[in-house]
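Asks: with the input below, show me the fold.
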Amino acid sequence: MEKLEFVTAEPLGLTLNWRDGRIWEWRIVWAGAKRAVGCAPGRDAGASGEAQAEAAGRDAADPSPAAKSLAQALARYAAGQEPHWPDLPLAWERLTPFAREVLVAMREHTGPGRTLTYGQLAALCGRPRAARAVGRIMARNPWPLVYPCHRVVGAGGKMVGFSAEGGIGLKRWLLGLEAGRE
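Replies: Next up is the predicted model:
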């Protein structure tokens, strides 16, 4: 069974896609003033983040405990504080072993407001020639912010490749928010 939930802490929102009791993925969206934590069962997971947010806001029901915890962490994050991301029921089985390794290494080796390159992340995972493969994994990261793919940049620190709604502008904004937290 699939359902969507929308978690917001202005100006950010996360559209959570649940499958079989686990969070399959979420998308970062810019949140509007009237958004709230809610869920929209049976919505089209292929819809745009804004369309999903609209649907979730319209059909709000009791949010899951995971959504409530994530909303609290997102609020701390958006306020420039340490978020203390909760332990969430993530669908890790959807990822290859290398993708799991890359996401975990990225989270462990980049602190708030800090970056590393795709090549550096590939090297941390023991595959120094796999920068492009790391880039593809970042583009498909199912859980941005908690697994902070916005902290991975191109060679020489170039701002490239952010698939979230808002693109490179949102990537810069997230890094700036985090840099102010230190």
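
Asks: verify the stated contact: Leu14 with Glu25.
Replies: No: applying C-beta atoms under 8 Å, one finds Leu14 not in contact with Glu25, separated by 10.0 Å. For every residue, glycine as well, the C-beta is placed using N, CA and C.

Asks: quick one: which of the two has more around it?
Replies: When neighbours are counted by other C-beta atoms under 10 Å, Leu14 comes out ahead of the other of Leu14 and Glu25, with 27 against 18.

Asks: wait, is that one part of a strand?
Replies: Yes: under DSSP: H, G, I helix; E, B strand; the rest coil, Leu14 sits within a strand.

Asks: residues contacting Cys149?
Replies: 106, 138, 141, 162 (C-beta atoms under 8 Å, 6 or more residues apart in numbering).

Asks: go ahead and confirm the first one touches Val146.
Replies: Going back to what we said before, that points to Met106. No: with contact defined as C-beta under 8 Å, Met106 does not count as touching Val146 (10.8 Å).

Asks: does the residue of the chain most remote from its centre sit in a helix or strand, and which one?
Replies: Most distant residue from the mean C-alpha position of the chain: Arg129, 25.6 Å away (C-alpha atoms, centre = their mean). For Arg129, there is no host helix or strand (DSSP states H and E).
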